[in-house]
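# the following block contains a protein sequence and its predicted model.
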Amino acid sequence: GNSVTQMEGPVTLSEEAFLTINCTYTATGYPSLFWYVQYPGEGLQLLLKATKADDKGSNKGFEATYRKETTSFHLEKGSVQVSDSAVYFCALKADVSGNQFYFGTGTSLTVIP
Amino acid sequence: DAGVTQSPTHLIKTRGQHVTLRCSPISGHKSVSWYQQVLGQGPQFIFQYYEKEERGRGNFPDRFSARQFPNYSSELNVNALLLGDSALYLCASSLWISGTYEQYFGPGTRLTVT
């Protein structure tokens, strides 16, 4: 089956610290991988994506590389800001059977000044 | 362009009642999906519709139903509400971009069942 596992939170970092949020997946075929961010009281926003092995998705200083050999898609940012405080979700879309996305449980990030 | 819109924003119902949630996709998007997000969890897939036809259904009871209209807007209906149906219900519209479908989410409808 298809599933996503994310590191447990919450994560608290000081401003300008390095961020890593781990994500591993199980999927049939060759899925596309995504990171979404959810700010308090809002819906999910697409942060970045990768559609095939070794692709690197990047946006707003965040990066994630699709690693097929380790079935991982870890999110990284070199220097976090207070405004990055949010919940981050890793997700996959299997390459078959429609548009169903599978989400991890989310990782809450708080950045303190 | 306007994003995905959902109504209402918040809703309070009692057990056993029925609820209808509404969603308008981004202009030009023909696919709409519904997700349930329980507090502290990731979204769980409920339904996907493409051009008015159901294309996918998650592991939810028959109390949950949906439909899509000719203008691609959609409704999610839940009958015989249970306390466990309390959640944020998210609608997403999809577009094929750069080798895959991207889903764009609305702000959600917060349903509280008492």
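That came through fine. Numbers count the residues shown, from 1 in each chain, chains lettered A, B, ... in the order given.
# grab the nearest non-local neighbour of the residue nearest to the spatial centre of chain B.
By Cα atoms, centre = their mean, chain B has its centre lying nearest to residue B:34, at 2.9 Å. Counting by Cβ to Cβ, 6 or more residues apart in numbering or on different chains, residue B:34 lies nearest to residue B:46, which is 4.3 Å off, once chain neighbours are set aside. Using the backbone N, CA and C atoms, a C-beta is placed for each residue, glycine as well.
# and whichever strand or helix holds the one you found, what does it pack against?
Using DSSP states H and E, residue B:46 sits within strand B:44-50. Applying 3 or more Cβ pairs under 8 Å, 6 or more residues apart in numbering or on different chains; DSSP states H and E, one finds that strand B:44-50 contacts strand A:101-103, strand B:31-37, strand B:53-57, strand B:64-68, strand B:74-78.
# okay, these, which one's buried deepest?
Ranked by mean neighbour count under mean count of other Cβ atoms under 10 Å in any protein chain shown, the helices and strands packed on strand B:44-50 are led by strand B:31-37, which reaches a mean of 26.
# tell me the contacts of the residue of chain A found nearest chain B?
Nearest residue of chain A to chain B, counting by Cβ to the nearest Cβ: residue A:103, 3.3 Å away. Each residue near residue A:103 by Cβ atoms under 8 Å, 6 or more residues apart in numbering or on different chains is listed here: A:4, A:36, A:89, A:90, A:91, B:42, B:43, B:44.
# where is pLDDT lowest across those residues?
Checked by pLDDT, the contacts of residue A:103 have residue B:42 as the lowest-scoring entry (91).
# which residues touch it?
A:4, A:89, A:91, A:103, A:104, A:105, A:106.
# what's the answer for residue A:42, then?
Counting by Cβ under 8 Å, 6+ apart, residue A:42 touches B:107, B:108.
# and the residue of chain B nearest chain A?
Counting by Cβ to the nearest Cβ, chain B gets nearest chain A through residue B:42, at 3.3 Å.
# give me the three-state assignment for that residue.
Put simply, residue B:42 is coil when judged by DSSP: H, G, I helix; E, B strand; the rest coil.
# bridge partners for residue B:112, pull those for me.
Counting by DSSP bridges, residue B:112 forms beta bridges with residue B:12.
# number of nearby residues for it?
Neighbourhood size, residue B:112 [other Cβ atoms under 10 Å in any protein chain shown]: 13.
# okay but it is in contact with residue B:86, surely?
Yes. Assessed by Cβ atoms under 8 Å, residue B:112 is found in contact with residue B:86 at 5.2 Å.
# how many neighbours does the nearest residue to residue A:28 once chain neighbours are set aside have?
Spatially, and ignoring its direct neighbours in sequence, residue A:28 is nearest to residue A:94 (6.3 Å; Cβ to Cβ, 6+ apart). Applying other Cβ under 10 Å, we find 18 residues neighbouring residue A:94.
# next up, the contacts around residue A:94.
Neighbouring residues of residue A:94 by Cβ under 8 Å, 6+ apart: A:2, A:27, A:28, A:29, A:31, A:100, A:102.
# over to residue B:47?
Residue B:47 sits next to B:33, B:34, B:54, B:56, B:57, B:58, B:64, B:66, B:76 when contact means Cβ under 8 Å, 6+ apart.
# in the sheet, who's paired with it?
Going by DSSP bridges, residue B:47 forms beta bridges with residue B:34, residue B:57.
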